[in-house]
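A.B. asks: sequence and predicted structure are below.
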Amino acid sequence: MINRRWRMFAAGVAVGWAAMTAAVAADEPTSAAGKPEVSDLDGRIQDVKSEVIQLNRDLLVLEEELLFPANTQVAVFVSMDVGKLFVLDSVQVKLDDKEVANYLYTPAEVQALHRGGVQRLYLGNLRAGSHELVAFFTGKGPYDRDYRRGATVKFDKATDPKYIELQITDSTGKIQPEFAVKVWQ
């Protein structure tokens, strides 16, 4: 099924590219000497490149809509607030007791999360009904101690897409990190 979609995707790109290059070649401006004018040809090539980029973008959006329809789509994101009490090493996500994501972070990625970045950790399909998500966070906590903590949430999936955020925050009162799961409505 996926191979067929990829073949359709590749065929669409090839047909689009062939049609655009044929249109440029057929409509090529010439000078009085019968040679193509370079500046006009260069402009047309840039226009064709822009159209191909737009076509590629449209095809990628279409592919994502085909693979992950909105009525079954679930996405899991990771975010950090402050991050002085916890240095993230990895996150593991289980959805209905099945591991769906396991990610090992580089120091640059952790810094991006500290600066307010949000990472899409998982995008998949999920049938309507009740589900449970469990996330395990591994890293270094206060006083350079190894930390492995979990957070869980039970949620109901309807026909709308479901967005779930795994939040890592600092609790200065407890002097330790806190891990929460937020289901966006």
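C.D. replies: Great, that's in hand. Numbers count the residues shown, from 1 in each chain.
A.B. asks: which residues in the protein form strands?
C.D. replies: Secondary structure of the chain, counting by DSSP state E: strands at 73-81, 87-95, 98-104, 118-125, 129-140, 146-157, 162-171, 176-184.
A.B. asks: pull out the buried residues from the third one.
C.D. replies: It refers to strand 98-104. Going by neighbour count (16 or more other Cβ atoms under 10 Å), the buried part of strand 98-104 is 100, 101. Heads up, the C-betas are built off the backbone N, CA and C, glycines and all.
A.B. asks: partners of that strand, with directions?
C.D. replies: For strand 98-104, sheet partners with direction are given as strand 87-95 (antiparallel), following DSSP bridges.
A.B. asks: find the nearest non-adjacent residue to the residue nearest the centre of the chain, please.
C.D. replies: Closest residue to the average C-alpha location of the chain: residue 120 at 5.2 Å, with Cα atoms, centre = their mean. In this structure, residue 120 finds its nearest non-sequential neighbour in residue 77, 5.5 Å apart by Cβ to Cβ, 6 or more residues apart in numbering.
A.B. asks: again, but for residue 76
C.D. replies: On the basis of Cβ to Cβ, 6+ apart, the spatially nearest residue to residue 76 that is not a chain neighbour turns out to be residue 122, at 4.2 Å.
A.B. asks: and what of residue 182?
C.D. replies: Closest residue in space to residue 182, ignoring its immediate chain neighbours: residue 165 at 4.5 Å, by Cβ to Cβ, 6+ apart.
A.B. asks: got the contact list for that neighbour?
C.D. replies: With contacts taken as Cβ atoms under 8 Å, 6 or more residues apart in numbering, residue 165 has the following neighbours: 76, 77, 78, 79, 118, 181, 182, 183, 184.
A.B. asks: weed out the non-buried ones from the residues you listed.
C.D. replies: 76, 77, 78, 181.
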